[in-house]
Every structure is written in structure tokens, then in C-alpha cells.
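mind looking at a prediction? Sequence and model below.
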Amino acid sequence: MILLSSNENVLTLIDAYEGKVMKKLTTNIDIGSNIEAGFTPDSKYVISGSEGRKILFWNLETDNHI
């Protein structure tokens, strides 16, 4: 998977081989803030944070926001 972040409220997961969008993760981080995101070492979770000191987690197996 490839994880794309932006200054919008969406993180996008792309299939690395086919280029298809797999999931879109919606954040409640302020629009216009730079969002940093990455995978945990086991690739089960996505972690994101912003300049506003907000940190969010998503469980990719269940699609639940933690």
C-alpha cells in the first residue's frame, strides 16, 4: 500500500501494484494544516498528526478510528 497525505481532511491508501484507491481515511484535523501520516511497523494501523498537535489512529483491519 501507498499512503498519501495532503492538507485536506483525507488520507488515501492506494494499492501499490494496481494504483487503485483502496480506502480513504477522513480526519478531523484542521483543513490547511500539514498532515503527517505513516504505518505502524506491523502495518495494521495508520497514525497521523498535524501542526495543531492532534494525533489520530486507524485500525486498517476493521476500518475503525481509534
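Arrived safely, thanks for sending. Numbering: from 1, shown residues only.

flag the shaky bits of this structure, pLDDT-wise.
28-34, 50-52, 63-66 (pLDDT under 70).

and what about the residue most central in space within it, helix, strand or coil?
Nearest residue to the geometric centre of the chain (C-alpha atoms, centre = their mean): Leu11, 4.0 Å. Judged by DSSP: H, G, I helix; E, B strand; the rest coil, the three-state class of Leu11 is strand.

how about the strands in this protein?
Using DSSP state E, the strands of the chain run over 2-4, 10-14, 21-26, 35-39, 45-50, 55-59, 64-65.

quick check: the nearest residue to the residue nearest to the centre of the chain once chain neighbours are set aside vs Thr62, distance?
Residue nearest to Leu11 in three dimensions, not counting chain neighbours: Leu25, with 4.3 Å by C-beta to C-beta, 6 or more residues apart in numbering. Glycine gets a C-beta too; all of them are placed from N, C-alpha and C. Leu25 sits 13 Å away from Thr62, going by C-beta to C-beta, to the nearest Å.
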